[in-house]
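Participant: okay, structure incoming, though there's no sequence with it:
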């Protein structure tokens, strides 16, 4: 898992998890506004907003991404009729 800065042309989507650098917490994005230089995010059930440069995107390596994608519910793999 790597943390990368959000570039000028980069975008963060609502529902995406990012790292809030000042609090060292992983938060969920509620809204992204490039014009006002703000991200609204949820942390511990509360909504807060901060500048975009205080957040980092989370990127997974190929191996990590494969591990998370392969986890599925075994009950859902029933036989097709």
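Facilitator: That came through fine. Treat the numbers as computed from the prediction; the structure is a model and nothing was measured.
Participant: number of nearby residues for the closest residue to residue 19 other than its chain neighbours?
Facilitator: Nearest non-adjacent residue to residue 19, counting by Cβ to Cβ, 6 or more residues apart in numbering: residue 56, 4.4 Å away. All C-beta atoms are positioned from the backbone trio N, CA, C, and that covers glycine. Other residues near residue 56 come to 16 when the count uses other Cβ atoms under 10 Å.
Participant: now residue 56: how far from residue 2?
Facilitator: According to Cβ to Cβ, to the nearest Å, residue 56 stands 9 Å off from residue 2.
Participant: again with residue 20
Facilitator: 16 Å.
Participant: circling back: so what's the residue nearest to residue 19 up against?
Facilitator: By Cβ atoms under 8 Å, 6 or more residues apart in numbering, residue 56 lies in contact with 3-6, 18-19, 21.
Participant: let me know the closest of those to residue 31.
Facilitator: Nearest to residue 31, judged by Cβ to Cβ, of the contacts of residue 56 is residue 18 at 12.3 Å.
Participant: what's the closest one sitting at in phi/psi?
Facilitator: For residue 18, the backbone dihedrals are phi -140, psi 170 (criterion: degrees, to the nearest 10).
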